[in-house]
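Peer 1: coordinates only, sequence not included:
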């Protein structure tokens, strides 16, 4: 699998359309090594190293963590079974191990049909591998002392799974006894906004496999030579994330006639959460709102907007207003020009390609048709291979390595209503890594 | 009543403590006419006018809208009866006119006791009149062309009520037939974040009284000579609002020993909303989150934080996590250093002085005492007479007058789940004022 992760970009993007590849190639020239957010560090003037050269602090494993999705229709069953087994994501209580498999088996045919309708699988692996690989190339240029930067992807519910990636790290020489013994690895959450259901669940999984694969029970000094982990746990308003989302919104708005453009409603859509998770004190709703506000600030609040929530399942109470209801309600009020903006997920996935593009927009078209109205409901592109976004990812890792932080001060604080011991121990572990993570002699610019 | 509103600051602040007055006097020197946010307009170099001089666009009525509170214990009954009659704030359905009085009568003795415990009344009138008066003085200096700026306060549930203030405007010569016929008035919501329950309710009330006091049914050209209204409907991340909140947080943090300081948890606390309002698509939770993120950005995210929600009443579902539960849960997890930060209300009120200071902190002290822990739960000051904040208020009005906007593009968009015709008509009215509100020849700076 390690080989697969090192595939050249050419292979990873071979399913991208020619125009997509052209766009990527041309925008990649826009990269400036001294970006706005990293310029406070004295940039090294050493020539960039290649993946073969090793800086004095390198190599650095950069592990992109995300939920993942089935790459083929055949993987849907396994994907759903892992998803419904995860109490961090879908809290089913003490009956989880009984209800989870039951629900996932019942839902499999329907979800297989959905993946089939969007082309036979989720593109998230392709995009994650591409994003990680491109970000690492940039990092090799802008942070030669921590090079080479090795891209990895660790998914929570699909291949490559966290344990597979952990084993790849070990077989690549990170960790005890390897050629990069005690090497640095950055667990980089690909969810810009922190939720215990998403980033928290991925970190719990990483911590679990770290204990299984790197701990020896009989030893007290357990940390000697094990991988030195740090975490990028949230980045809801990183300037290049915001800029990339704005680019996609502006592209979508440009498709409306000039005189209608400023009236188009922007519906920022994020995956919803059960109210039980919201009321436990999960930080996600607030951080998604922060992203929305940053995007609208950058756009000058020219268009009206709402933050709405999608993909609610089951009978319990979830956070609203729901995306699908919102679109229908606005059409019923006579508003037909809306741009749906995916705001909490960075690659296309079933919730954009099926739920928004086919279901929500499909229903909107039907409703408009019945009312004799012209339907102007569209979707802004997902970030996918957007080069501004990928520059942002590289900048985040660069600043993180320079600062030498194990995790943000926010991550150490549990939710007020949290009762999970796993969560407590995981946070203690990652925050405790601080002793082993030095700042890289970063000298703030004058 | 108009006379009361024009009282000199000395009278309005006579109940402020000497240290408070000293603080206000010293910080007021910090005012810079060309603030960060207004410098994009070419500032006039004309000498500031006095309240007697009239600029070519003046006078301008600046109406501070807020919910208000009973100034004496004797006013509690009337206050509650208006509060529970307001379906925008407390939606009780078709039985509102029956249930409202019932609930308010039952709650009156308890709430009277609370106001008695905080000194016999709410300070909100004192602070609102002070803030409005000081902001208008600054406006006379920085915007001579729209001077004099006349301060008014319009409360939703306490004196001075919206209708009283509207009548004061008319008797002061604004509106048809007066000496300032067709004069300008700015409805300035003192809720930084927009909710239909708060700002929306105040605007509905203003629109209602405008129709009753300024419309003549037989006339078609109804707008000839009536007051030209515009609205400042939200300002969740104005830099001076953010700066003022940060000052109060830093003051509170400075009271902890240096080695504990960065571990203190900041609990930003805002009034909660019923989930029925949240799920209708009310923008308030997102905008409060935007304020929190702006404050934490300015503070460098040094301290961990959560946004929590207070003052939930009744049996229906409200947005959480609740402030009181959060404090107890954290103490039970061994965290005892917390600063409660009022983030959605700009003056002290029963929810800070009674609920946070006496109830929440009182319970925290008891819980810590039982557990043998030292209690470090404190509250950051409310904005009240903070001069940075008041400079921000003046800046908001100045920019608003220069831009010549009837209201923000956000205000015109109804909530997706809104069924209120009053709300629809009110928005149509204020947005429609655009034709009568010219931009004041603002030339953007090069």
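Peer 2: Now that the structure is in, tell me what you want to look at. For clarity, every value in this text was computed on a predicted model and none was experimentally measured.
Peer 1: Report all helices and strands that whichever strand or helix holds residue A:137 contacts.
Peer 2: Per DSSP states H and E, residue A:137 falls inside helix A:124-142. Helices and strands touching helix A:124-142, by 3 or more C-beta pairs under 8 Å, 6 or more residues apart in numbering or on different chains; DSSP states H and E, are helix A:9-12, strand A:60-66, strand A:149-155, helix A:387-403. No exception for glycine: its C-beta is placed from N, CA and C like everyone else's.
Peer 1: If we go by neighbour counts, what in whatever helix or strand comes next after the last one is buried?
Peer 2: Downstream of helix A:387-403, the first helix or strand assigned by DSSP H and E is helix A:421-432. Of the residues in helix A:421-432, those buried under the neighbour-count criterion (16 or more other C-beta atoms under 10 Å in any protein chain shown) are A:422, A:423, A:426, A:427, A:429, A:430, A:431.
Peer 1: Show the average pLDDT along stretch A:179-192.
Peer 2: Per-residue pLDDT values over stretch A:179-192 give a mean of 95.
Peer 1: which of the buried residues of helix A:421-432 lies closest to residue A:275?
Peer 2: residue A:423 (19.1 Å; C-beta to C-beta).
Peer 1: From residue B:265, how far out is that closest one?
Peer 2: In this structure, residue A:423 and residue B:265 are 17 Å apart, going by C-beta to C-beta, to the nearest Å.
Peer 1: check contacts around the closest residue to chain B within the stretch 101-250 of chain A.
Peer 2: Closest approach between the stretch 101-250 of chain A and chain B, counting by C-beta to the nearest C-beta: residue A:237, at 6.8 Å. By C-beta atoms under 8 Å, 6 or more residues apart in numbering or on different chains, the contact set of residue A:237 is A:290, A:291, A:294, B:293, B:297.
Peer 1: Report the two of those residues separated the most.
Peer 2: Taking C-beta to C-beta, no two of the contacts of residue A:237 sit farther apart than A:291 and B:297, at 12.7 Å.
Peer 1: which of those two has more neighbours?
Peer 2: Comparing residue A:291 with residue B:297 by other C-beta atoms under 10 Å in any protein chain shown, the one with more neighbours is residue A:291, at 26 against 15.
Peer 1: Doesn't the more buried one lie inside a strand?
Peer 2: No - assessed by DSSP: H, G, I helix; E, B strand; the rest coil, residue A:291 does not belong to a strand; its assignment is helix.
Peer 1: Per-residue pLDDT of it, please?
Peer 2: So residue A:291 comes in at 98 (pLDDT).
Peer 1: Enumerate every residue touching it.
Peer 2: By C-beta under 8 Å, 6+ apart, the residues touching residue A:291 are A:192, A:193, A:236, A:237, A:241, A:242, A:245, A:268, A:343, A:344.
Peer 1: among the residues you listed, who's most crowded?
Peer 2: Going by other C-beta under 10 Å, residue A:245 tops these with 29 neighbours.
Peer 1: Which residue, other than its chain neighbours, is closest to that one?
Peer 2: residue A:295 (5.1 Å; C-beta to C-beta, 6 or more residues apart in numbering or on different chains).
Peer 1: Tell me who's in contact with the residue nearest the centre of chain A.
Peer 2: Nearest to the geometric centre of chain A sits residue A:190, at 2.3 Å (C-alpha atoms, centre = their mean). Counting by C-beta under 8 Å, 6+ apart, residue A:190 touches A:64, A:65, A:66, A:128, A:131, A:346, A:347.
Peer 1: Kindly report the same for residue A:341.
Peer 2: A:245, A:248, A:249, A:252, A:266, A:267, A:268, A:269, A:295, A:379, A:380.
Peer 1: What is the most widely separated pair among those residues?
Peer 2: Taking C-beta to C-beta, no two of those sit farther apart than A:295 and A:379, at 15.2 Å.
Peer 1: any idea how far residue A:126 lies from residue A:349?
Peer 2: 12 Å.
Peer 1: no wait, residue A:178
Peer 2: Taking C-beta to C-beta as the measure, residue A:178 falls 34 Å from residue A:349.
Peer 1: Which one's more surrounded, these two?
Peer 2: residue A:349 (22 against 16).
Peer 1: Could you pull up the contacting residues of the more buried one?
Peer 2: A:69, A:122, A:123, A:124, A:382.
Peer 1: Which among those residues count as buried?
Peer 2: Here, 16+ other C-beta under 10 Å leaves A:69, A:122, A:123, A:124, A:382 buried among the contacts of residue A:349.
Peer 1: Adding pLDDT as columns, could you present those residues in JSON lines?
Peer 2: Formatted as JSON lines, the buried ones among the contacts of residue A:349 follow (pLDDT from 0 to 100):
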{"residue": "A:69", "pLDDT": "95"}
{"residue": "A:122", "pLDDT": "95"}
{"residue": "A:123", "pLDDT": "96"}
{"residue": "A:124", "pLDDT": "96"}
{"residue": "A:382", "pLDDT": "98"}
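Peer 1: Need the max-distance pair from those residues.
Peer 2: Every pair of the buried ones among the contacts of residue A:349 checked by C-beta to C-beta; the farthest is A:69 and A:382, at 12.7 Å.
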